[in-house]
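Novice: compute the structure for the input listed below.
(chains A and B)
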2 protein chains.
Amino acid sequence: MAEKLSMQPYKGTRDFYPQEMKLRNWFFGIIRRELENAAFDEYNGPMLESLELYAAKSGEEIANKQTYNFMDRGDRHLAIRPEMTPTVARMVAAKMGELSFPLKWFSIPNMYRYEATQRGRLREFWQLNVDVFGCNTYEADLEVITSAIRIMRAFGADKTMFTVRINNRRFFNDVVAAITGKDIEGSRQVSKVIDRKNKVTRESYEKDLTALGLTAEQIAQIDALYTMTVEEATALCPESQGSQELLSLFAALCKMDLDKYCIFDFGIIRGLDYYTGTVFEVFDNAPENNRAMFGGGRYDNLVDLFVKNARISGVGYGMGDVTLENFLITHNLVPAAFGSPVKVLVTRFDDVPYEAYTSLVEDLRDAGIVSSVYLGQKKFGKQLEYAVKGEYSHAIIMGGDEYARGVVRLKNLATREEKEIAIGDLVQELQA
Amino acid sequence: MAEKLSMQPYKGTRDFYPQEMKLRNWFFGIIRRELENAAFDEYNGPMLESLELYAAKSGEEIANKQTYNFMDRGDRHLAIRPEMTPTVARMVAAKMGELSFPLKWFSIPNMYRYEATQRGRLREFWQLNVDVFGCNTYEADLEVITSAIRIMRAFGADKTMFTVRINNRRFFNDVVAAITGKDIEGSRQVSKVIDRKNKVTRESYEKDLTALGLTAEQIAQIDALYTMTVEEATALCPESQGSQELLSLFAALCKMDLDKYCIFDFGIIRGLDYYTGTVFEVFDNAPENNRAMFGGGRYDNLVDLFVKNARISGVGYGMGDVTLENFLITHNLVPAAFGSPVKVLVTRFDDVPYEAYTSLVEDLRDAGIVSSVYLGQKKFGKQLEYAVKGEYSHAIIMGGDEYARGVVRLKNLATREEKEIAIGDLVQELQA
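Specialist: Now for the predicted structure:
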């Protein structure tokens, strides 16, 4: 090879050097701990699935366009997963008879979407998926929304930083029917206009609703909904199952003192047709980034793609690593340092047998102290430089003289203080 | 969709249900802890790379055959990574000027290889990669081999269960030259025959060596090497740099009391042409599975694929999850249960407001106790059944009577003992 290879990662993907990896491990570690604490179980599935899995959920064209897909040598049309929901629905379907419902599951897979890259949107990303399967009442919606709030709080986020905006698709259909007289399909068309409300001009929005047959008065009635409380809104169709779900959910959030993070928002639709009940989005409140970070909702029919009349209701959300990282950085929620505060580099000298250093390091490691001997034979100054750049907290210095006396000098790299310590006392000193 | 979708994962891939996921998280958790303790830093890179990255290392044909590869819409020829080494070499090359060498890095990526599936060999797998870059002397070989031994020991494996078999490519070339008079290319051809020795008959092995021009006497001299100690073998070419590396490495392993896990083995070649010094394989000693589980070695020129005369030497190994899991199961090293020993299900009754349960659970979670309220409205017996199947250790029972008195009944699901406890004392009781 005369020509050298490119050193850049593929467009829209990232190299995670140790510093970036520490950040990611830190935030996914917090998420994992929070969810395990709430008795959610982690699962995972293959990176490759048959393309038809995504086509069945989102339509062939979208599946083809948004995924990396190709034929394998056995003429199977495969796709790199662009999302986790079809995989988890397949897994639930495959073991329906054995699994103990309700399931509380989460996963943090990597996935690919073929799209133009922009801030917060890359081609490869990691996404937390949280779902409850097999409980079709508001308690599961509450559990899922609670988990999202607990995760945000675990990062140190408070109510000034994020808001959970909640709506309900059943309520939406019923209230649109009450105002306009439209059936489910008609209300679906209205929902599409409302879903893109913030992306178009007011004129365009009104024009679209008028085109669907809505009068100016009906449009005004819908306008009023955007600023109503959940009590005011649900009073418009008190018999709706969606109204009942919304009221139960908000009452519980209130009793749990979580309502301070939540608000009813008639504008939350979450485009995807498969949502059937509660829908929600978690917004970043920062003025420079005031938009949905992640969201989810209830879907009733995904397992039916695999098993006739499975009737396993699910509710869940997905949270991408890029968006989360932006949020944490924007709100100064990332700690200055990660990992163990004590990290020891044993420097080395030529007049001491190398094994004296490796044995010392083995003892430190056995005691759970993060440590390493300097690999190679650079001068002492270079070794110290390496320790500082590698964020070591301490250096151990043991030349021929110290070695002969069974002591080391322990140097604190932050304070630059040095003291002599007997080798036998070293573990205790570092653990203190 | 009239026809239902398949519920099977794609051939050669696995669904990780919570039970399997717990196992994998357990063993990768141990590995991560052990490596972080030894001051290795974790990194990660993209799942997709340009195909030429693999072609440059292994040749176009192998890269094409062994990878899942395809063209993206910008006519870039991409491959799903079949291994991590090209990615990490690219990452090191890209930041050569900024990074502080020697690097001690590890990663646990998922990857794909297009191959016939068999025991221990799947199409999708996870692989630990451990590497040291920028130290071209035996100390780095020692560090890497030590980390592998420490990982095995952390799983509870002892010297009866595994053996690290070590050889050196420089020594190999020099000793083959000493015996046969062959140059580097000649010794490379001999190495290929030795590499497949255990896969062919003795006749075929001898025939292949004879075809390379070796006499019966030379073949006998090579035979003798297979049973020699490192001292005996290196005495055949004491001036060889490879001999010096082997002797230093074994001397250090001996001083560190790690030689009991290690043996010199002239038969260890590790096919890949890019190894240049120390090579090693970790064998499972179980008679039913006596074969290499994983291995690695020193390679000198990978970063040169990206940067002319980079001269960054690397040494490392890769360990697949499937092989490791087989080993742990074979040797009964998998614990009976994973995770928190205390896991509490709060059962629910209709005569108590639901929020009383969710508030209780929130308090338990805030205290770090793994807990959940039963989601849904099944009968009490069903709720208890759910707790047992979900490996909960305790159930909390609070009916209308208990609720009125501010107490709960705490049921230990292993012993079936039940006792009444004031709600205020519950956290303390469960933490004890």
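
Novice: could I get the CA-only coordinates of the worst-scoring helix or strand of chain A on mean pLDDT as PDB?
Specialist: The helix or strand of chain A with the poorest confidence is helix A:60-66; it has a mean of 85 (mean pLDDT, DSSP states H and E). Presented in PDB, the C-alpha positions along helix A:60-66 are these (Å, rounded to 0.1, in the frame of the first residue of the first chain):
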ATOM      1  CA  GLU A  60     -41.100  -0.200   3.300                       C
ATOM      2  CA  GLU A  61     -40.000   3.200   2.000                       C
ATOM      3  CA  ILE A  62     -39.000   4.700   5.300                       C
ATOM      4  CA  ALA A  63     -37.300   1.500   6.400                       C
ATOM      5  CA  ASN A  64     -35.300   1.400   3.100                       C
ATOM      6  CA  LYS A  65     -34.400   5.000   3.300                       C
ATOM      7  CA  GLN A  66     -33.500   5.400   6.900                       C
END
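
Novice: who touches that helix?
Specialist: A:Leu51, A:Tyr54, A:Ala55, A:Lys57, A:Ser58, A:Asn69, A:Ala79, A:Pro82, A:Arg113, A:Tyr114, A:Glu115 (CB atoms under 8 Å, 6 or more residues apart in numbering or on different chains). Heads up, the C-betas are built off the backbone N, CA and C, glycines and all.

Novice: ok, of the residues you listed, which one's closest to A:Thr276?
Specialist: A:Lys57 (13.9 Å; CB to CB).

Novice: the host helix or strand of A:Gly242 packs against which elements?
Specialist: Applying DSSP states H and E as the criterion places A:Gly242 in helix A:241-255. For helix A:241-255, the elements it packs on are helix A:138-154, strand A:162-168, helix A:169-180, helix A:230-234, strand A:262-264, strand A:275-284, helix B:354-366, judged by 3 or more CB pairs under 8 Å, 6 or more residues apart in numbering or on different chains; DSSP states H and E.

Novice: repeat the analysis, applying 6 Å as the threshold.
Specialist: On a contact count with 3 or more CB pairs under 6 Å, 6 or more residues apart in numbering or on different chains; DSSP states H and E, helix A:241-255 meets helix A:138-154, strand A:162-168, helix A:169-180, helix A:230-234.

Novice: buried set for the longest one?
Specialist: Neighbour-count burial for helix A:138-154, with 16 or more other CB atoms under 10 Å in any protein chain shown as criterion, is recorded at A:138-153.

Novice: hang on, the earlier thing: mean confidence for the helix holding A:Gly242?
Specialist: Here helix A:241-255 scores 97 as its mean pLDDT.

Novice: A:Asp208 - how many residues pack around it?
Specialist: 18 (other CB atoms under 10 Å in any protein chain shown).

Novice: measure it to chain B for me?
Specialist: 30 Å (CB to the nearest CB, to the nearest Å).

Novice: shouldn't that residue be in contact with A:Val193?
Specialist: Yes. Proximity of A:Asp208 to A:Val193 meets the contact threshold set by CB atoms under 6 Å, at 4.4 Å.

Novice: circling back to that earlier point, so which of the contacts of helix A:60-66 also contact chain B?
Specialist: For chain B, no contacts are drawn from the contacts of helix A:60-66 by CB under 6 Å from any CB of the partner chain.

Novice: of the residues you listed, just the buried ones, ChimeraX syntax please.
Specialist: The command below creates a ChimeraX selection of those among these that count as buried (16+ other CB under 10 Å):
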select /A:51,54,55,57,58,69,79,82,113,114
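
Novice: going through the contacts of helix A:60-66, which one is the model least confident about?
Specialist: At the low end of pLDDT for these is A:Ser58, which has 79.

Novice: contact partners for A:Val303?
Specialist: Residues near A:Val303 by CB atoms under 6 Å, 6 or more residues apart in numbering or on different chains: A:Ala89, A:Val92, A:Ala93, A:Ala310, A:Ile312.

Novice: report pLDDT for it.
Specialist: Model confidence at A:Val303 (pLDDT) stands at 91.

Novice: again with A:Asn290
Specialist: Looking at A:Asn290, its pLDDT is 84.

Novice: same check, this time on A:Met1
Specialist: In this model, A:Met1 is scored at 44, pLDDT.

Novice: chain B contacts on the stretch 1-150 of chain A?
Specialist: Residues of the stretch 1-150 of chain A lying near chain B by CB under 6 Å from any CB: A:1, A:4-5, A:7, A:9-10, A:13, A:15-18, A:21, A:37-39, A:41-46, A:48, A:56, A:70, A:90-91, A:93-94, A:100, A:102, A:124, A:135, A:139-140, A:143.

Novice: only whichever of those residues are buried, select them in PyMOL.
Specialist: Those of those that count as buried under 16+ other CB under 10 Å are selected in PyMOL with:
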select buried, chain A and resi 5+7+9+10+13+15+16+17+18+21+37+38+39+41+42+43+44+45+46+48+56+70+90+91+93+94+102+124+135+139+140+143
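
Novice: looking at the residues of the stretch 1-150 of chain A next to chain B, which are in helices?
Specialist: Counting by DSSP state H, the residues of the stretch 1-150 of chain A next to chain B place A:Pro18, A:Met21, A:Asn37, A:Ala56, A:Arg90, A:Met91, A:Ala93, A:Ala94, A:Glu139, A:Ala140, A:Glu143 in helices.

Novice: the nearest residue to A:Val200 once chain neighbours are set aside: helix or strand, and which one exactly?
Specialist: The spatially closest residue to A:Val200, leaving aside those adjacent along the chain, is A:Asp208, at 7.8 Å (CB to CB, 6 or more residues apart in numbering or on different chains). For A:Asp208, the host element (DSSP H and E) is helix A:202-211.

Novice: picking that back up, worst average pLDDT in the helices and strands packed on helix A:241-255?
Specialist: helix A:169-180 (a mean of 94).

Novice: other SSEs contacting that helix?
Specialist: Helix A:169-180 packs on helix A:184-195, helix A:216-225, helix A:241-255, strand A:275-284, going by 3+ CB pairs under 6 Å, 6+ apart.

Novice: present these as TSV; the columns should include mean neighbour count and distance to A:Leu302.
Specialist: Below are those laid out as TSV (neighbours: other CB atoms under 10 Å in any protein chain shown; distance: least, CB to CB, whole Å):
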stretch	mean neighbour count	distance to A:Leu302
helix A:184-195	16	18
helix A:216-225	15	29
helix A:241-255	19	19
strand A:275-284	24	10
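
Novice: ok, now which ones touch A:Phe283?
Specialist: A:Thr163, A:Arg165, A:Ala292.
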